[in-house]
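> Sharing a model prediction with you, sequence too.
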Amino acid sequence: MTNRRPLALGPLLPLACLVASCSTPQAPDPSDAHEQPTAAGTFRPEPLSDEALAAFGLPYELIEGEPMFRLMDHDAIPSIDAPTFVSVDEASAWMDVDETVLGVVGRDGTAKCYSAWQLDDHEIVNDVLDGAPIAATW
Amino acid sequence: MYSRELDGATHRFGVTGSLWHGVLVMFDRETGSYWTQIDGRAIRGANQGATLAHVPSVFTTFGSWVDAHPDTLVLDKADDERGQAASHYAEYFADPERLFFEHLGADIDTSVVRPKEIVFGVRNAGDAVAVPQATIERAGIVHLEVGGDAIVLLRDERTGEVRAVRSARELVRVAGYEPTVRVADAANGEVMRVDTLEPVRVDRAFWYAWARTVPDARVHGE
């Protein structure tokens, strides 16, 4: 089971903004390591040093001052580029009623859903819904 | 979920295999620009500065979705099998914290504190101790020895604020007051205002970040 959380429920953990220092009391805000200024004081995340960045042993480039780590090559995780769909009857052969799906309804009322485990495996589904090109991702 | 249309042109998106801010980065095949998955913003390349239109979607169970949309189409399984990992790094992709732990090595203790637990860290004289948020929430007052000095961590239950002070005395709660305001000396009952005690810097961080930043980080037990 992965620790992935749907985007709808909150921000993903920032890589680089991790240690917040404060010498005055603070009300904790566990939802985000990028601390916001509060009435009592301010947490400032410390940027990773060059040594710290190099220690990961991964190629990286700085974008907006934050490292983008290259874990894999492009398409090492293959997006779905020509998705096919089946009916509920057919899908019931492998889908559980309790499993998570990402659901969407198009402008003409067409409903589609994408299983969470397939989104985990492919990350992106390039699809067209009622004529509108969409990227199903989470 | 995003629209793939930008300035009238349809884009095809792929997975870069890179993480930025712990966020998955996509690329469009038309220009190679990088896009954050979390907010659909192009952070590098010809499309830099653009943002994809958000398409409302919902996370729910398959059963609930079918109840609401009985004629729904379902993404075909095709050759996909559950639980399949794309590559050695796929696990890091799914859980960016692991990236830090694997690279820091086995000496980071995750048996006591989970990576994303909040800890309050105190450093003194080359030593460092992290107190899990759960611990200080339960206890309200935690006595530490850090770098040979006695330091006390205090939490205000009303506001959640946590502060640290230097004190060789054992401090206990005083009825009617939060520990960040007044405490008593356990030995003689003397009540004192916490703001008369010497404050000590305390850092609030995710455990995995603290462990990565502070060498030989140790965790305070109960």
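Everything's here; your move.

> pretty sure B:I136 is in a strand, no?
No. Using DSSP: H, G, I helix; E, B strand; the rest coil, the assignment for B:I136 is helix, not a strand.

> List the beta-bridge partners for the closest residue in space to it that isn't next to it in sequence.
Distances taken as Cβ to Cβ, 6 or more residues apart in numbering or on different chains place B:R155 nearest to B:I136, at 4.8 Å, with adjacent residues excluded. For the C-beta atoms, the positions are set from N, CA and C on the backbone; glycine is no exception. Beta-bridge partners recorded for B:R155 (DSSP bridges): B:V162.

> how about low-confidence regions in chain A?
Scanning chain A for pLDDT under 70 picks out A:1-48.

> ranges for the helices of it?
A:50-55, A:88-91, A:116-122 (DSSP state H).

> Throw those into a markdown table and include mean neighbour count and distance to chain B, thanks.
Compiled in a markdown table, the helices of chain A are given as follows (neighbours: other Cβ atoms under 10 Å in any protein chain shown; distance: least, Cβ to the nearest Cβ, whole Å):
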| stretch | mean neighbour count | distance to chain B |
| --- | --- | --- |
| helix A:50-55 | 12 | 7 |
| helix A:88-91 | 15 | 4 |
| helix A:116-122 | 21 | 5 |
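
> Make CSV from those and add distance to B:E198 to it.
Output for the helices of chain A, formatted as CSV (distance: least, Cβ to Cβ, whole Å):
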stretch, distance to B:E198
helix A:50-55, 31
helix A:88-91, 65
helix A:116-122, 50
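
> how's chain A carved up into domains?
Domain ranges of chain A: A:13-71, A:88-137, per automatic domain parsing.

> related to what we said a few turns ago, what about the residue nearest to B:I136, distance to B:R163?
Noted for B:R155: a distance of 8 Å to B:R163, by Cβ to Cβ, to the nearest Å.

> Mutual contacts of those two, please.
Any residue near both B:R155 and B:R163 by Cβ atoms under 8 Å, 6 or more residues apart in numbering or on different chains counts here, and that gives B:T180.

> Could you list the domains of chain B?
If you go by automatic domain parsing, chain B breaks into B:1-94, B:118-219.

> what bits of chain B have low per-residue confidence?
In chain B, residues with pLDDT under 70: B:21-22, B:84-112, B:115-116, B:208-209, B:211-213, B:215, B:221-222.

> Helices of that one, residue ranges please.
Under DSSP H, chain B gives helices at B:62-68, B:90-94, B:96-104, B:133-139, B:207-213.

> In the first one, which residues are buried?
I take that to be helix B:62-68. B:F62, B:W65, B:V66 (16 or more other Cβ atoms under 10 Å in any protein chain shown).
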